[in-house]
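Engineer: Below is the structure, and that's it, no one-letter string:
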C-alpha cells in the first residue's frame, strides 16, 4: 500500500506506472486467496491501461488475462471466457500466432476448462500452447543467457505436465496416444540438449561458413527476443512488421544452413521430432519403451502428484500407457536397491536372497514392463529409455514372475537410450 501511495503521488491516478503496481498487488492478493481485494486492484489496473493505451494494446491483454484467471477461480466462467478471448485476439493481432502471451492465455483457459469438465477443448488448447512453448524454448535457448533459457524451460515443463494430465483424464484413442508420444519424445531431456549438446556439435563439426550462418541466426534471434521484451510501443503496425521481418530472416538463414550442413538438418529434426520420424528409425522386431516421470495436476487440486507414462513403439505403431503414481513404482525401486545394498553389506548372498530378489523383480516387471510388452512387445530386441529412479534399475536382470528363472537379458537383446529422440541424433553427437 505504501508503494501504491508513492506511485499515485508521483505519477498521478491514471498512469501506467500506477496500473503496474495495482496489477502486482492484485496478483499478490489472488495468490493469498483474497479475491475481493484482487478484483478491485485488477479491475482498476485494466481501466487505467485502457485509458492510457486504448483497447487493443498488449498491456491491456496482460490485465485481461489476470482478471480472467480471477473470474475462473470464482466460477464466473462466462466472464472469464470473454476476457481470455479478448486477450487472445489482442495478442494475435500484435504478435502473430507464435508468442508466449498467447500460450499463457490458452493455457490458463485450458485450466479453467479442465476445472469445469470440458477436457476435449482443454486438450486442443494445451496442444497449441505446448507447440508455442516448445518452439520458443528451442529458439531462445540458443541466444539467451542460461538463467533466461531455464526460465523458458520452466514454462515448457508446466505446459507439458498440464497436457499429459489432460491425456490421463481422457479416454485412450490412437490420436491422443500419438500426441502424448510426441510430447514425451520432444520434452524428455530437452533442456540438456539445447543448453549443452548443440554447442558441442558446432564446435566439433561445422565448417567456417556454417559457423558464420549459425552466428547470424543467433544474432537475429537475439534481436527478435529483445523486440518481444521491449513490446510494441506506440505503433503496433510497425512493431508487427518488424517481428515478421525478423522471422523471415531467420527462416531464410536456417534454410541455407540446413542445405550446407547435415548435422544441422538432423538437429532441426531432433528439436521437434514427429512420432513418424522416431518409428522410422526403429528396426523390425524391436520395441522401444520410453518412460517419462511427470507431475499430474488434478483439475481441482492445488498440488500435483507425480506419475509415470510409458511410450511403447515398434516400427509400425505407438501406444502410451499410464503406469500409475510414481510413489508406488519408486517404492519398489527403493526395495530393489535396499536388497542389493543388504547383500553387498554381508559380502555374499544368504539363504532366501534369491527368492527375495525374484519377488521384488517380478513386482517391478509387472508395474513397468508387462503393460507395454503385453501390447506391442513381440520383438526380440528391447530399447529402453528409463527416467527418474527407474534409471537405477539393472533391467537386464528382471524376471517376469517369482517362478520365472529366466532373466530379461536371456530372452531379449537390450539397448539403453536417454530418450526416443536419441534415434534422430546426428552420428557426430552420439
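Structural biologist: Received, thanks. As the structure is a computational prediction, the values presented were derived from the model and not from experiment.

Engineer: who does the strand or helix carrying residue 153 touch, helix- and strand-wise?
Structural biologist: Using DSSP states H and E, the element containing residue 153 is helix 146-169. Here helix 146-169 touches helix 100-115, helix 119-140, helix 174-187, helix 190-192, strand 286-296, strand 305-313, going by 3 or more CB pairs under 8 Å, 6 or more residues apart in numbering; DSSP states H and E. Where C-beta positions appear, they are placed from N, C-alpha and C, glycine not excepted.

Engineer: change it to 6 Å
Structural biologist: When contacts are defined as 3 or more CB pairs under 6 Å, 6 or more residues apart in numbering; DSSP states H and E, helix 146-169 packs onto helix 119-140, helix 174-187, strand 286-296.

Engineer: residues contacting residue 303?
Structural biologist: By CB atoms under 6 Å, 6 or more residues apart in numbering, residue 303 lies in contact with nothing.

Engineer: please redo it, this time with the cut-off set to 10 Å
Structural biologist: 295, 297 (CB atoms under 10 Å, 6 or more residues apart in numbering).

Engineer: Let me see the ranges of the strands in this protein.
Structural biologist: Assigned by DSSP state E, the chain shows strands spanning 286-296, 305-313, 318-325, 381-385, 413-416.

Engineer: Same list (those) but as CSV, adding mean neighbour count and mean pLDDT.
Structural biologist: Formatted as CSV, these follow (neighbours: other CB atoms under 10 Å; pLDDT from 0 to 100):
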stretch, mean neighbour count, mean pLDDT
strand 286-296, 23, 94
strand 305-313, 22, 94
strand 318-325, 19, 93
strand 381-385, 22, 92
strand 413-416, 13, 90
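
Engineer: for the stretch 251-400 of the chain, what spans make up the helices?
Structural biologist: Per DSSP state H, counting those that start in this stretch, the stretch 251-400 of the chain carries helices over the ranges 262-271, 275-280, 326-346, 353-368, 370-376.

Engineer: Out of those helices, flag the one nearest residue 185.
Structural biologist: For residue 185, the closest of the helices of the stretch 251-400 of the chain is helix 275-280, at 5.7 Å, according to CB to CB.

Engineer: In contact with the residue nearest to residue 355 when sequence neighbours are not counted, which residues?
Structural biologist: The spatial neighbour of residue 355 that comes closest, neighbours along the chain excluded (CB to CB, 6 or more residues apart in numbering), is residue 402 at 7.4 Å. Listed by CB under 10 Å, 6+ apart, the contact set of residue 402 reads 355, 357-363.

Engineer: same thing with residue 309?
Structural biologist: 164, 167-168, 180-181, 183-184, 290-294, 296, 320-324, 387.

Engineer: in stretch 393-406, what's buried?
Structural biologist: Residues of stretch 393-406 classed as buried by neighbour count (16 or more other CB atoms under 10 Å): 393, 395, 398-400.

Engineer: cool, stretch 208-227 as well?
Structural biologist: 210, 213-214, 216-217, 220-221, 223-225, 227.

Engineer: cool, stretch 74-82 as well?
Structural biologist: For stretch 74-82, burial by neighbour count (16+ other CB under 10 Å) applies to 77, 80-81.

Engineer: Quick check, pLDDT for the closest residue to residue 63 other than its chain neighbours.
Structural biologist: Spatial nearest neighbour of residue 63, chain neighbours left out: residue 46 (4.1 Å); criterion: CB to CB, 6+ apart. At residue 46, the pLDDT value in this model is 92.

Engineer: do the same with residue 211
Structural biologist: 73.

Engineer: Okay, it and residue 218: tell me how far apart.
Structural biologist: The gap separating residue 211 from residue 218 is 10 Å, by CB to CB, to the nearest Å.

Engineer: Check residue 342 too.
Structural biologist: 53 Å.

Engineer: sorry, back to before: average pLDDT across the helix holding residue 153?
Structural biologist: Rounded mean pLDDT across helix 146-169 is 88.

Engineer: Check which residues of it are buried.
Structural biologist: So helix 146-169, judged by 16+ other CB under 10 Å, has buried residues 149, 152-153, 155-169.

Engineer: Distance of residue 384 relative to residue 208?
Structural biologist: Using CB to CB, we find residue 384 at a distance of 40 Å from residue 208.

Engineer: Please identify the residue most distant from the middle of the chain.
Structural biologist: Residue farthest from the centre of the chain, counting by CA atoms, centre = their mean, is residue 351 at 47.4 Å.

Engineer: Could you report the pLDDT at it?
Structural biologist: 75.

Engineer: and it, what does it touch?
Structural biologist: By CB under 10 Å, 6+ apart, residue 351 has no neighbours at all.

Engineer: Return the backbone torsion pair for it.
Structural biologist: Per-residue torsions, residue 351: phi -60, psi 130 (degrees, to the nearest 10).

Engineer: Can I get the buried residues of stretch 208-227 in TSV including distance to residue 7?
Structural biologist: Shown next, in TSV, are the buried residues of stretch 208-227 (distance: CB to CB, whole Å):
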residue	distance to residue 7
210	51
213	47
214	45
216	43
217	41
220	37
221	35
223	32
224	32
225	29
227	27
